[in-house]
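Undergrad: Task: produce atomic coordinates for the following.
(chains A, B and C)
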Amino acid sequence: MTDLASSATPSAAVVAETDDSAARLHRNLFIAIAVLLAIAPFVAYPVFVMKVLCFALFALAFNLLLGYGGLLSFGHAAYFGMASYVSAYTAKNWGLTPELAILLGTAVAAALGLVFGALAIRRQGIYFAMITLALAQMAFFFSLQTPRFTGGEDGIQAVPRGKLFGLISLADDRALYWLVAAIFMGGLLLIYRIIHSPFGQVCKAIRDNEPRAISLGYRASQYKLAVFVLSAGLAGLAGATKAIVFQLASLTDVYWTMSGEVVLMTLVGGLGTVFGPIVGAAVIVAMQNYLAGLGSWVLVVQGVIFVACVLLFREGIVGVISKWIKKPL
Amino acid sequence: MFELLGVPPQALFGQVLLGLINGSFYAILSLGLAVIFGLLNIINFAHGAQYMMGAFVAWMCLNYLGINYWAALVVAPILVGATGIVIERLLLARIAKYDHLYGLLLTFGLALIIQGLFRNYYGSSGLPYGIPPQLTGGQNLGFMFLPTYRGWVVVASLIVCLATWFMIEKTKLGSYLRAATENPTLTQAFGINVPLLVTLTYGFGVALAAFAGVLAAPIYAVNPNMGADLIIVVFAVVVIGGMGSIMGAIVTGFSLGLIEGLTKVFYPEASSTVIFIIMVLVLLVKPAGLFGRAA
Amino acid sequence: MKLKTLLAATALGALMAAPALAQQISVKAGVLNDRSGIYADLSGEGSVIAARLAVEDFKAAEKGIKVEIVSADHQNKPDVGSTITRQWYDQDGVDLILDVPTSSVALAVSQITKDKNKILINSGAGTSDLTGKACSPNTIHWTYDTYALAQGTGGAMVKAGGDSWFFLTADYAFGHALERDTSAVVTKAGGKVLGAVRTPFPGTDFSSFLLQAQASKAKVIGLANAGGDLTNSVKQASEFGITQGGQKLAGLLTFASDVHALGLQAAQGLVLTESFYWDRDDGTRAWSERFAKLNGGKKPTMVQAGVYSGLLHYLKAVEAAKSKDSAVVMAKMKEMPTDDPLFGKGTIRVNGRKMHSMYLYEVKKPSESKGPWDYYKQLAVLSGEEAFQPLAETGCSLVK
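TA: Down below sits the predicted model:
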């Protein structure tokens, strides 16, 4: 049924046979990413890079559910947005240090993922997409109607960046950048670890053939729910971090267009690839940044990219490269 | 007179009627989605944008061509339906062999393009479109003032919904359609042109959305975003109904409009979420939806 | 650390100004607004045109001031707005930002502007917090705010006999604020508030709420909503014969572009408050004529007019101060009286509030309108002192 991820990347199935060369390649890629992260703030504008990293982590989280759970969620904005509210609120009103605020936001997103996930995994495919969308819309209305907590449409503004562990001030963009880079790298490694763990293998088995996995004695729905919660939590981590970076949390983060954007990022980068979402997020965020002067044409351009990707470029950027070098990425 | 939870019965009747009117839009839109889903197995995310196109085409007809509301009611669905046919032929047909979720993504992209283009050319604050002169004014029903136009909306949507149901369930063409839904390969083998059927079905579903758009133009603001938020509510309606049956889509549409209308009286703050709450309840009890077949 | 970026920014500024040291000051103004969403028509490209007209009318080049205008779309998203703002200040050497509709974005931009010690002249946003509890020494709120709208529409209507009110309130913070401010004004002026109903936001069907409003027999139905909600509720009120039945509709946040979208047939009789209307006098008409030529025939809204007026005053202050240092220019702007053909004479208060008259308008009947964009008849004028919040009540920390 839901062969979206596997059909997109024929190589994804090969991941199971983690041949040494692929593992070596991945290790080199991780080193390359770490190096890139280290030099990025000196080359590019740090706030922009932090934005890319937050969205990249968000897209990675989304892709975990799609690529390895076989479930296309159209409501990931709910976890991203609610976490950003929680982290902004606690950092501002309770005076929590940034790391605690971010952790709390992540935890709330995971809890929300547990509730929504339990409801949504009762259906698959298109129904699943619509249900997650509708549930996310509920989260949006909740945010809209509880201004005491969310600040309504003004959002929570002027969130203090605070001091990491109560010691290191994050007011400087560079200082904050290292924290964001560390969170991103941690999230990426965690996701990579999940995918290549026995748990990840079972998830892939369920994705590819649910009845068979069930007949082998795996409780498919529990695995699906677990992936869902992990994905929601990581999306929350991204949202909570973003709230600290931009010092605000707003309705934009919970609105359904945000869910659409993360789908687009993943699609452009390559569904079901490990590194695709990062590339996709960088491309889309850069595009939004540099095309901002085009006004409403940005929307049209995004739509065209969507359509073009689906028609001609289903593997995404990284998927194509992966096919080309005949190694999973 | 008795009162129900502190609301006089007059007000209640009024709200029930208004709920039905909103339900008319839900019914036509979810019917269109169900028809498309039945044969193409995709959820048409562009449905809201096509509903908006219907309203805009009605406006263009009036302002550029001098075509009045009544003619627009026929012309706009045909024109917008024709764009639907082009979309199916050029785009959707190419990805039919892949996962159906790609169809969702494709139509999502289309929705962005259509909305963006209309925003560029017509701005975002909207365009004026008046009620046709034959339908202005209204009747005093004793318990409320019913604008004639609202009455017309209910009648028109009922006619269209029932005609669609009749066509699919009771006619020869409908039987081909149902056969193709059940088993496209076999139907093709019997000499029926299934790809053509698919194209026409998509065109028809889109035309239904456009028809709803023309109906909406005189009473709702005609702007590029008019369909975007509505469509998510309609998605929830579709999940509740289950898309298994044409009649299911119609009944669910009308009844949810009704429930929403009643919520506006008793607890207005919840009226935007009530449909989603019902969706959650239905999912807990009947994951396949009220009229759906278990997957 | 902030100092470092500041130093970098001034260094950059000095570097850029260096070649033209011959008393030439070069200024970079950023017009940040909605170019694609619901406020694109009332701000958008029109505000950029207004800014260009200000530069032209100021004859900047002759006075040795080089002005560059950049623009961007904040999509009504605070995060997009704050990214652009940071980038403009940190990297692109922007000296002041203009317009910024949408309260959430405006508050975010105002905060960053304060941190980076630049200047924000806000024209598009409504929230009176900008000069109240969120006030900043670097922000001027130019065109209108929710407090003044409430004073205009609420106070003046009660005076005109509309003494019983029912509110249709969009169920979000901005709607609540509009309702709260207006009912306070109504009650103070001796009117009564009979009730209010919270409508889901964003909404399409307002008929059942309008029926509740009708049943309340209030003389005035206050629409505490904006954009699509406003057009929908006005359209449906006309459908249900509410204005014909003698009740008046009051739009608490209505722009000329909304009326244009509704058409006079639906909008007639709507009462609203604005600080600028293109057809007010010869000065506004002449300017609006020039503006419309550049803007596809569309007349300016008060937001666009505010961008013009704000930038003009800024340039005058730069000329007078012979410097573009933020603190110096801000002081000069607050010290100099403002004067331009669009808003007349005015002043800027210590909290950043620009003072000028507000006008109460009623939308004409189709039969009274002489042509396109002939929409309003004037009902009342409020002086700046009457319209805007008394300094002592603002809660702004700059007020001593």
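Undergrad: show me the contacts for the residue of chain A positioned farthest from its centre.
TA: Using C-alpha atoms, centre = their mean, the residue of chain A lying farthest from its centre is A:S215. It sits 31.6 Å away. Going by C-beta atoms under 8 Å, 6 or more residues apart in numbering or on different chains, A:S215 touches no other residue. For glycine as for every other residue, the C-beta is placed from the backbone atoms N, C-alpha and C.
Undergrad: Look up how far A:V202 lies from it.
TA: Taking C-beta to C-beta, to the nearest Å as the measure, A:S215 falls 13 Å from A:V202.
Undergrad: Please determine how far the residue farthest from the centre of chain A is located from B:P287.
TA: 21 Å.
Undergrad: now do C:S323
TA: For C:S323 relative to B:P287 (C-beta to C-beta), the value is 69 Å.
Undergrad: more neighbours, these two?
TA: Neighbour tally, C:S323 and B:P287, criterion other C-beta atoms under 10 Å in any protein chain shown: the higher count belongs to B:P287, 18 against 14.
Undergrad: roughly how far apart are the nearest residue to the more buried one once chain neighbours are set aside and C:W287?
TA: Computed as C-beta to C-beta, 6 or more residues apart in numbering or on different chains, the closest residue to B:P287 that is not its neighbour in sequence is A:R122, at 4.0 Å. Noted for A:R122: a distance of 62 Å to C:W287, by C-beta to C-beta.
Undergrad: which one of the two has more residues nearby?
TA: Using other C-beta under 10 Å as the criterion, A:R122 and C:W287 rank with C:W287 on top: 22 against 16.
Undergrad: Can you name the residues that contact the residue in the stretch 51-200 of chain B that chain C sits nearest to?
TA: Proximity of the stretch 51-200 of chain B to chain C (C-beta to the nearest C-beta) peaks at B:P128, 2.9 Å away. Counting by C-beta under 8 Å, 6+ apart, B:P128 touches B:222, C:261-263, C:265-266.
Undergrad: got a list of what the residue in chain C that chain B sits nearest to touches?
TA: Closest to chain B within chain C is C:G263: 2.9 Å, counting by C-beta to the nearest C-beta. C:G263 is in contact with B:128, B:130, counting by C-beta under 8 Å, 6+ apart.
Undergrad: how close does it get to chain A?
TA: Noted for C:G263: a distance of 23 Å to chain A, by C-beta to the nearest C-beta, to the nearest Å.
Undergrad: Run the contact check for stretch C:160-167 versus chain B.
TA: No. Stretch C:160-167 stays clear of chain B (C-beta under 8 Å from any C-beta of the partner chain), getting no nearer than 12.3 Å.
Undergrad: and that stretch, how far apart are its ends?
TA: End-to-end distance of stretch C:160-167 (C-alpha to C-alpha, to the nearest Å): 18 Å.
Undergrad: List the buried residues for it?
TA: Using 16 or more other C-beta atoms under 10 Å in any protein chain shown as the test for burial, stretch C:160-167 gives C:162-167.
Undergrad: and which of these is nearest A:I317?
TA: Using C-beta to C-beta, C:F167 comes nearest to A:I317 of those, at 52.0 Å.
Undergrad: quick one: that closest one from C:E179, how far?
TA: Distance of C:F167 to C:E179, computed by C-beta to C-beta: 5 Å.
Undergrad: Overlap of the contact sets of those two?
TA: With C-beta under 8 Å, 6+ apart as the test, C:F167 and C:E179 both reach C:196, C:222, C:224.
Undergrad: would you turn the residues you listed into a markdown table with pLDDT?
TA: Below are the shared contacts of C:F167 and C:E179 laid out as a markdown table (pLDDT from 0 to 100):
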| residue | pLDDT |
| --- | --- |
| C:A196 | 92 |
| C:G222 | 94 |
| C:A224 | 92 |
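Undergrad: List just the nearest of the residues you listed to B:R119.
TA: C:A224 (26.0 Å).
Undergrad: gap between that closest one and C:A196?
TA: Counting by C-beta to C-beta, the gap from C:A224 to C:A196 is 8 Å.
Undergrad: between those two, which one's more packed in?
TA: C:A224 (30 against 22).
Undergrad: rewinding a little: any idea which of the shared contacts of C:F167 and C:E179 is closest to C:A331?
TA: Distance ranking of the shared contacts of C:F167 and C:E179 against C:A331, using C-beta to C-beta, places C:A224 first at 37.2 Å.
Undergrad: which ones are touching that closest one?
TA: C:167-170, C:175-176, C:178-179, C:182, C:252-253.
Undergrad: Kindly report the residues of the stretch 151-300 of chain A close to chain B.
TA: A:256, A:260, A:263, A:267, A:295-300.
Undergrad: From those, which land in strands?
TA: Using DSSP state E, no member of these sits in strands.
Undergrad: Tell me how many other residues surround the residue in the stretch 151-300 of chain A that chain C sits nearest to.
TA: Distances between the stretch 151-300 of chain A and chain C by C-beta to the nearest C-beta are smallest at A:G152, namely 2.8 Å. Using other C-beta under 10 Å, A:G152 has 25 neighbouring residues.
Undergrad: now B:L158
TA: For B:L158, the count of nearby residues is 16 (other C-beta under 10 Å).
Undergrad: hang on, it packs against B:I21?
TA: No. In terms of C-beta atoms under 8 Å, B:L158 does not count as a neighbour of B:I21; the distance is 11.1 Å.
Undergrad: Identify the residue spatially nearest to the one residue in the stretch 1-150 of chain B that gets nearest to chain A, adjacent ones excluded.
TA: Chain A sits closest to B:G109 of the stretch 1-150 of chain B, with a gap of 2.7 Å, by C-beta to the nearest C-beta. Distances taken as C-beta to C-beta, 6+ apart put A:F306 closest to B:G109, at 2.7 Å, once the chain neighbours are dropped.
Undergrad: C:L211 now?
TA: B:G14 is the one closest to C:L211 (C-beta to C-beta, 6+ apart), at 5.8 Å.
Undergrad: likewise B:A228?
TA: B:A228 sits nearest to B:G48 (C-beta to C-beta, 6+ apart), 5.4 Å away.
Undergrad: Which other helices and strands does the helix or strand B:A236 falls within contact?
TA: Under the criterion of DSSP states H and E, B:A236 resides in helix B:228-241. Where contact means 3 or more C-beta pairs under 8 Å, 6 or more residues apart in numbering or on different chains; DSSP states H and E, helix B:228-241 is packed against helix A:125-145, helix B:9-40, helix B:47-60, helix B:246-266, helix B:274-285.
Undergrad: what's the angle from that helix to helix B:47-60?
TA: Counting by axes from the mean of the first three to the mean of the last three C-alpha atoms, to 10 degrees, helix B:228-241 lies at 130 degrees to helix B:47-60.
Undergrad: so C:V67, which of the three states?
TA: strand (DSSP: H, G, I helix; E, B strand; the rest coil).
Undergrad: what's the answer for C:W165, then?
TA: strand.
Undergrad: from memory it sits against C:L194, does it?
TA: Yes. Using C-beta under 8 Å, C:W165 is in contact with C:L194, at 6.5 Å.
Undergrad: overlap in contacts of these two?
TA: Joint contacts of C:W165 and C:L194 (C-beta under 8 Å, 6+ apart) are C:A218.
Undergrad: dump the residue contacts of B:G151.
TA: Contacts of B:G151 by C-beta under 8 Å, 6+ apart are B:Q139.
Undergrad: hang on, it is in a strand, isn't it?
TA: No. Counting by three-state DSSP, B:G151 is not found in a strand; it is helix.
Undergrad: Alongside chain C, which residues does chain B contribute?
TA: B:11, B:14-15, B:18-19, B:21-22, B:116, B:119, B:123-128, B:130-131, B:137-138, B:144-145, B:147, B:149-150, B:218-221, B:223, B:225-226, B:229-230, B:261, B:264-265, B:268-269, B:271-272.
Undergrad: what about the chain, any weak spots by pLDDT?
TA: Picking chain A for this. Along chain A, the parts satisfying pLDDT under 70 run over A:1-19, A:292-293, A:295-296.
Undergrad: I was after chain B.
TA: Using pLDDT under 70, chain B drops low at B:1-11, B:244, B:293-295.
Undergrad: can you pull out the strands in chain A?
TA: Applying DSSP E to chain A gives strands spanning A:163-164, A:168-169.
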